[in-house]
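Q: only geometry, no sequence info:
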């Protein structure tokens, strides 16, 4: 990669979270992440306007990335598989040994109250937990709920292109969603600077892991494959749902063996999964076309089944 294309050396690529229209709303790859609006938030037991919510400058999540979070999709005003999100969140809390002041029950109730306060049916919801200020016994609990981004329809009808990140996947925190997200942000910036929607991460020993903020699936010889959790990769809620749907649809699936760059480039189909953006077909990896460079039949079948699952489990 030339120096001009290295993360941090592209002044024309905005920093994620900077003010303005994000790629989630326009479809143009720009490297930005969704920005929290001026709606209400839940902070430490209270629902209040986002502009009035403040954190201590000594909050451990801010100073050291000592936080755990989960991002969820609300459909018809109900979070898809909330209990599983919360179970994974508290698994991470336990793994990190974080001091928190919330329980699954209080988070579930607060999430519902915030969605109602913001009058949101289709929403992006994030829960963040941190130990709070270093010198006091007050952990931080923050929940935000904003309108679900207007993802470009062509992502789903035509598919997206991805690149291979120059960064390597590997961390003691692999498989967990923590405040230490800078490497993923840099990888997303790199992808945006190269005109791609996402970047695939490989481990130091060249095993396929995941995308910056998504799990990855390959279709090889009519069978669905995704990297095993011990790669390590995040145990995505939609990843889990797709594996369940494959069983229901009679599609052979595998999540127990490593995948290589050769298999990724030679896949018949590929797709990414995430809670908010759902299932996005991948039609190009770098300059290599995936299959016939359009969403394949197995991917389309899984997408349709997932939409039905969302409607069923989040029925109003």
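A: Structure's in. What do you need? Everything numeric here is computed off the predicted structure, so don't read it as measured data.

Q: that's a strand at residue 205, yeah?
A: No - counting by DSSP: H, G, I helix; E, B strand; the rest coil, residue 205 is not found in a strand; it is coil.

Q: ramachandran angles for it?
A: phi -100, psi 20 (degrees, to the nearest 10).

Q: dihedrals phi and psi, the residue positioned nearest the centre of the chain?
A: Central residue of the chain (C-alpha atoms, centre = their mean): residue 213, 3.9 Å from the mean position. In this entry, residue 213 is assigned phi and psi values of phi -130, psi 20 (degrees, to the nearest 10).

Q: in which helix or strand would I find residue 244?
A: Per DSSP states H and E: residue 244 is located in helix 237-249.

Q: next helix or strand past that helix?
A: strand 253-254.

Q: can you list the strands that that next one pairs with?
A: strand 223-225 (parallel) (DSSP bridges).

Q: got a list of what the spatially closest residue to residue 247 that is not a sequence neighbour touches?
A: Take residue 247 and drop its neighbours on the chain: the residue closest to it by C-beta to C-beta, 6 or more residues apart in numbering is residue 253, 7.1 Å away. Where C-beta positions appear, they are placed from N, C-alpha and C, glycine not excepted. Applying C-beta atoms under 8 Å, 6 or more residues apart in numbering to residue 253 gives the contacts 223, 224, 225, 226, 243, 246, 247.

Q: look at the first one and report its pLDDT.
A: Think residue 223. Note for residue 223: predicted pLDDT of 98.

Q: can you tell me how far the nearest residue in space to residue 239 that is not next to it in sequence is from residue 121?
A: Spatial nearest neighbour of residue 239, excluding adjacent residues (C-beta to C-beta, 6+ apart): residue 215 at 4.0 Å. Computed as C-beta to C-beta, to the nearest Å, the residue 215 to residue 121 distance reads 26 Å.

Q: the two: who's more crowded?
A: residue 215 (24 against 14; other C-beta atoms under 10 Å).

Q: distance-wise, check the more buried one relative to residue 273.
A: Residue 215 is 5 Å from residue 273, by C-beta to C-beta.

Q: repeat that for residue 289.
A: For residue 289 relative to residue 273 (C-beta to C-beta), the value is 21 Å.

Q: residue 84 too?
A: Distance from residue 84 to residue 273, by C-beta to C-beta: 14 Å.

Q: so if I had to pick from those two, which one is more boxed in?
A: residue 273 (24 against 15).

Q: quick one: the strands in the stretch 201-316 of the chain?
A: 208-211, 215-220, 223-225, 253-254, 269-274, 278-285, 288-289 (DSSP state E, counting those that start in this stretch).
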